[in-house]
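S.K.: Below is the sequence, then the predicted model.
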Amino acid sequence: MGHKTVGYRWTIAFLLFFATTINYLDRQVLSLLYPMLQEEFKWTNSQYANIASAFQFTYAICLLFAGSVIDKLGTKRGFILAIIIWSVGAIVHAAAIPIGNMLLPVLGWVGLATVPVSVVGFVVSRSLLALGEAGNFPAAIKVTAEYFPKKERSFATGIFNSGANIGAVLAPLSVPWIAEKWGWQMAFVIIGAVGFIWLIFWIIYYDPPEFQKRLSSSELKYIKQEDDEWSEGDKQSQTKFKWSSLLRYKQTWAFSLGKFLTDGVWWFFLFWLPAFLKETYGMNSTEMMWPLVVLYSMVMIGSVAGGWFPVFFMRNGDNPYEGRLKAMLVIAVFPLVVLFAQPFGYISHWVPVLLIGIGASAHQAWSANIFTTVSDMFPKKAIASVVGIGGMAGGIGGVITTKVGGAMFDHYKSLGHIETGYKIMFSFCAIAYLIAWACMKILVPKFKQIDDL
């Protein structure tokens, strides 16, 4: 039977944590190198927005299908496929210029020969990265539902979701240094190769709970104790359902709208903060290292604390969904401090860094809870698919935020008032969560689980 480990489910949670760390480490490389790449390739803010939104648009479309692919392949094989694709995609950024030159004749045929070669190469690389990275969250949420009872899921989600922040912390500590020492191409190659190391541990240590030899019978029983009445008929999808049938439920739309309105905020912080520090304070990649490390360290605390927060309400008698919504309302208030990032930014660059850090922390606390509303209300066989639909909505929200931001920054920069563009974007980031919470509450005011799929 092999060695049985007490609390083995937490080993799985930390495997998911490291996967998410690598996921965000890979996607963060470009934004940290933006000041360097902008000087080398003379990109405008709109051109950078096009590169960043290529990732988001591909990510959004792929998330729509990633969930159902994970549901069909199973979490083990699905995760293997996802991390191979995104690690290759991360490494391919190093060859962005040869890729752009190779595609130049094709661009000429379709009337896009004027697009810079560098932009084309990075758009292709970002798209391949997004194709693989789209599998991470649908797979991780499904694994969490497999390995944790409902009362622990938001905390487990908070743990693996905090990997996003660790990735964001490690990136400024490593990427500028690697780029300065060996060039920007090696930064993409070295960081991208880390995913293949994680893959070895996933293959060795993960199996579904029913087949996991390291899991004790008592822990398996504990994991299964809160399974809902559909669980007997949901052993890895004994009954089939049509993906499109999920769209008839308000619960799907509530999750999707919540993601659409708030994911763009996180994308904005992730992709534009280095540009903001450069434009406002004249900082280069190495100078902004510690401000970004401090900010994303704050965000990690928000992710884990946000995952734990609903337990407070559940202990007072609320069901998981109602406890989560109450927690999310409190969390939605914190981003309002971002409104003060610019008015008090004259004091020091640390003022906006710390205030945006609070807002970004609130996003991760929000994220840990909004993901878990899906496993509260849907059967396990549909979780990855619903997460994929909502993730697509969030990706589209991110594309809109990035494109509008890039165009706005170029417009106001031409007028000599780029700070106005940031003021408008920060205002949206501050109020987005309260709007999203209101929409979710209107669509699904009370807990109602789906039992007719």
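M.R.: Great, that's in hand. Predicted model, so just to flag it, every value in this text is computed and none were measured.
S.K.: For this protein, give me the ranges with low pLDDT.
M.R.: Along the chain, the model assigns pLDDT under 70 to residues 1-6, 107-113, 226-241, 452-453.
S.K.: 50 - rerun?
M.R.: 1-5, 228-238 (pLDDT under 50).
S.K.: Just the buried residues of stretch 334-342, please?
M.R.: Neighbour-count burial for stretch 334-342, counted by 16 or more other CB atoms under 10 Å, picks out 334, 335, 336, 337, 338, 339, 341, 342. Placement of C-beta: from N, CA and C, glycine included.
S.K.: quick one: which two of those residues are the most distant?
M.R.: 334 and 342 (17.6 Å; CB to CB).
S.K.: OK, contacts around the closest residue to residue 408 other than its chain neighbours?
M.R.: Leaving out its chain neighbours, the residue that sits closest to residue 408 by CB to CB, 6 or more residues apart in numbering is residue 421, at 4.1 Å. Going by CB atoms under 8 Å, 6 or more residues apart in numbering, residue 421 touches 405, 408, 409, 411, 412, 413.
S.K.: Give me the distance between the third one and residue 417.
M.R.: Distance, residue 409 to residue 417, using CB to CB, to the nearest Å: 10 Å.
S.K.: Just want to know which of these two has more residues nearby.
M.R.: It is residue 409, of residue 409 and residue 417, that has more neighbours when counted by other CB atoms under 10 Å, with 26 against 12.
S.K.: list the contacts for the more buried one?
M.R.: 45, 275, 279, 418, 421, 422.
S.K.: Also residue 358?
M.R.: 298, 334, 335, 337, 338.
S.K.: Name the helix or strand for it, please.
M.R.: In this structure, residue 358 sits in helix 350-377 according to DSSP states H and E.
S.K.: buried sites along the helix or strand following that helix?
M.R.: Counting by DSSP H and E, the next helix or strand C-terminal to helix 350-377 is helix 380-414. By neighbour count on 16+ other CB under 10 Å, the buried set for helix 380-414 is 380-399, 401-406, 408-410, 412-413.
S.K.: can you count the residues close to the residue nearest to residue 437 when sequence neighbours are not counted?
M.R.: Leaving out its chain neighbours, the residue that sits closest to residue 437 by CB to CB, 6+ apart is residue 332, at 4.7 Å. Using other CB under 10 Å, residue 332 has 21 neighbouring residues.
S.K.: what's the distance between residue 332 and residue 435?
M.R.: From residue 332 over to residue 435 the distance is 9 Å, taken as CB to CB.
S.K.: and the contacts of residue 358, which of them are in helices?
M.R.: If you go by DSSP state H, those have residue 298 in helices.
S.K.: Which of the contacts of residue 358 sits closest to residue 362?
M.R.: Checking the contacts of residue 358 against residue 362 by CB to CB gives residue 334 as the nearest, at 3.8 Å.
S.K.: got the contact list for residue 303?
M.R.: So residue 303 contacts 158, 161, 162, 164, 165, 361, 364, 365, 367, 368 (CB under 8 Å, 6+ apart).
S.K.: Any chance of these in a markdown table with distance to residue 288 and neighbour count as columns?
M.R.: Putting these into a markdown table (distance: CB to CB, whole Å; neighbours: other CB atoms under 10 Å) gives the following:
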| residue | distance to residue 288 | neighbour count |
| --- | --- | --- |
| 158 | 27 | 28 |
| 161 | 24 | 30 |
| 162 | 22 | 24 |
| 164 | 19 | 28 |
| 165 | 17 | 25 |
| 361 | 19 | 25 |
| 364 | 20 | 28 |
| 365 | 24 | 30 |
| 367 | 24 | 26 |
| 368 | 27 | 32 |
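S.K.: that older thread, so whichever strand or helix holds the residue nearest to residue 408 versus helix 350-377, what angle?
M.R.: Secondary structure assigned from DSSP H and E places residue 421 in helix 418-443. When axes from the mean of the first three to the mean of the last three CA atoms, to 10 degrees is applied, the directions of helix 418-443 and helix 350-377 differ by 20 degrees.
S.K.: What residues sit buried inside helix 418-443?
M.R.: 418, 420-422, 425-426, 428-433, 436-437, 439-440, 443.
S.K.: Pull the distance from stretch 148-163 to the chain's centre.
M.R.: 15 Å (CA atoms, centre = their mean, to the nearest Å).
S.K.: And that stretch, what's buried?
M.R.: Buried, per 16+ other CB under 10 Å, within stretch 148-163: 148, 150, 152-163.
S.K.: Run through the helices of the stretch 201-350 of the chain in chain order.
M.R.: 217-224, 250-281, 289-315, 320-333, 350-377 (DSSP state H, counting those that start in this stretch).
S.K.: Quick one: closest of the ones you listed to residue 242.
M.R.: helix 250-281 (12.9 Å).
S.K.: which helices and strands does the closest one pack with?
M.R.: In terms of contacts (3 or more CB pairs under 8 Å, 6 or more residues apart in numbering; DSSP states H and E), helix 250-281 is packed against helix 8-41, helix 45-73, helix 289-315, helix 350-377, helix 380-414, helix 418-443.
S.K.: out of the ones you listed, nearest to residue 248?
M.R.: Of all the helices and strands packed on helix 250-281, helix 380-414 sits nearest to residue 248, with 12.1 Å by CB to CB.
S.K.: what is the orientation angle of the closest one with helix 250-281?
M.R.: 30 degrees.
S.K.: Now find how far off-centre helix 380-414 is within its chain.
M.R.: Using CA atoms, centre = their mean, the offset of helix 380-414 from its chain centre is 11 Å.
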